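Chemist: Please find the sequence and the predicted model below.
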Amino acid sequence: MSTNRRGGLIVISAPSGAGKTTLVRKALNSRNDLAFSISYTTRRSRAREKDGVDYCFVTENEFQDMISRDEFLEYAQVFDHWYGTSRNSVEALRTRGKTVLLEIDWQGAAQIRQREPSAVSVFILPPSRAELERRLRGRGTDTKENIGRRLRDALTDMSQWPKFDYVLINKDIGTALTQFKSILDGQGDAHRVASPTVRRKAEQILTDNA
């Protein structure tokens, strides 16, 4: 009889440029009780991205076939491309006792909350709208038009933070990582959405035009 404890499920969402990918990778590198669920996507791979490591790249037809077979725990269309989380992959990792990190958008997070009520959800905010724009422009991977579109969509994404269990403001990645680990260890009450301090800071970021 297996003595493995069934692993948990942590959902991490953020607007593009808030630093969620960096945060997730650093968390994975610092702990062996975590595992990353590799998303399926129909978008083309970017420079240095590897199939089966960063994403599982599939065609639109392949993705739609997976939807019809109910193979996704969640899926959503983002920036004209589809993204989805394999149900079987997540279940296999959790059965091995791993806490699985899902790096997905707020639409996917809403699906997870409905299907997996025990999942813990974390929303990452940038310290300001100006800093978010600086980060997006600093990537050098998008056209001016795409950056403008991402900024507009980011404001919509950022407005979803009240629907999550926790909110982290990623001003410094080292501090954000420490705070994220406290949530993983069940000691993250200071970052709960219900906290008046958290709510005040989050609302200020959304209303600040600086």
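Modeler: All right, it came through fine.
Chemist: Report the buried residues of stretch 82-95.
Modeler: Trp82, Tyr83, Gly84, Thr85, Ser86, Ser89, Val90, Leu93, Arg94 (16 or more other C-beta atoms under 10 Å). For the C-beta atoms, the positions are set from N, CA and C on the backbone; glycine is no exception.
Chemist: Return the set of buried residues in the longest helix that the chain contains.
Modeler: In the chain, taking DSSP state H as the definition, the longest helix is helix 144-158. Across helix 144-158, burial judged by 16+ other C-beta under 10 Å covers Ile147, Arg150, Leu151, Ala154, Asp157, Met158.
Chemist: Which one of those is nearest to Gln111?
Modeler: Nearest to Gln111 among the buried residues of helix 144-158 is Asp157, at 15.5 Å by C-beta to C-beta.
Chemist: mean confidence score for stretch 114-130?
Modeler: Averaged over stretch 114-130, pLDDT sits at 93.
Chemist: next one: stretch 27-42
Modeler: Across stretch 27-42, the average pLDDT comes to 96.
Chemist: wait, Thr85 sits on Glu74?
Modeler: Yes. With contacts defined as C-beta atoms under 8 Å, Thr85 counts as touching Glu74 at a distance of 5.2 Å.
Chemist: Alright, I will stop here.
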